[in-house]
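A.B. asks: This is the structure alone, sequence omitted:
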């Protein structure tokens, strides 16, 4: 079994931990951004969330969808669809003994692509900005999975 101190000496794992912290912090920001837009646009998804803005029929007018809220929410959902696979595959990849510079390139490209994807989604930038960022991040995760399957797993 691997000791924690030994794991902390693994430069690739520590790089993965660093970039994972950045990307998870960005994902946490997205939930805060969703809440911010819901409050400032007064567009809520649940009746109990409208209680501070009135009672009965008056509160129901805040129970609605808003384009800005939905845009942030969709960007957050896209993060969930892409970051979760990166976390699992990236962890296994980082523990498989890859070259440090190659691993850091993978991690940086993924984090950069996800941050750019969010910017392109929220501003919004014209396509293909968002699509290119999505496919770059997806390609990085696929590249790590391929390298992991090719070099370390027994199929």
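C.D. replies: Thanks, I have it. In this text the structure is predicted, and so the values were computed from the model without any measurement. Numbering: from 1, shown residues only.

A.B. asks: what ranges of this protein fall below the confidence cut-off?
C.D. replies: Along the chain, segments meeting pLDDT under 70 span 1-2, 4, 54, 56, 153-155.

A.B. asks: Recalculate using a threshold of 50.
C.D. replies: Residues of the chain meeting the criterion pLDDT under 50: none.

A.B. asks: All the helices of it, in order from the start?
C.D. replies: 4-8, 11-41, 57-60, 67-94, 100-122, 129-151 (DSSP state H).

A.B. asks: Would you reformat those helices as JSON lines and include distance to residue 50 and mean neighbour count?
C.D. replies: C-betas here are computed from N, CA, C, even on glycine. As requested, these are arranged in JSON lines below (distance: least, C-beta to C-beta, whole Å; neighbours: other C-beta atoms under 10 Å):
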{"stretch": "helix 4-8", "distance to residue 50": "47", "mean neighbour count": "10"}
{"stretch": "helix 11-41", "distance to residue 50": "10", "mean neighbour count": "16"}
{"stretch": "helix 57-60", "distance to residue 50": "4", "mean neighbour count": "12"}
{"stretch": "helix 67-94", "distance to residue 50": "14", "mean neighbour count": "18"}
{"stretch": "helix 100-122", "distance to residue 50": "25", "mean neighbour count": "19"}
{"stretch": "helix 129-151", "distance to residue 50": "32", "mean neighbour count": "17"}
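
A.B. asks: Reformat those into a markdown table and put distance to residue 51 next to each item.
C.D. replies: Listed next are the helices of the chain as a markdown table, based on distance: least, C-beta to C-beta, whole Å:
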| stretch | distance to residue 51 |
| --- | --- |
| helix 4-8 | 47 |
| helix 11-41 | 13 |
| helix 57-60 | 6 |
| helix 67-94 | 18 |
| helix 100-122 | 28 |
| helix 129-151 | 36 |
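
A.B. asks: quick one: which of those is nearest residue 47?
C.D. replies: helix 57-60 (7.1 Å; C-beta to C-beta).
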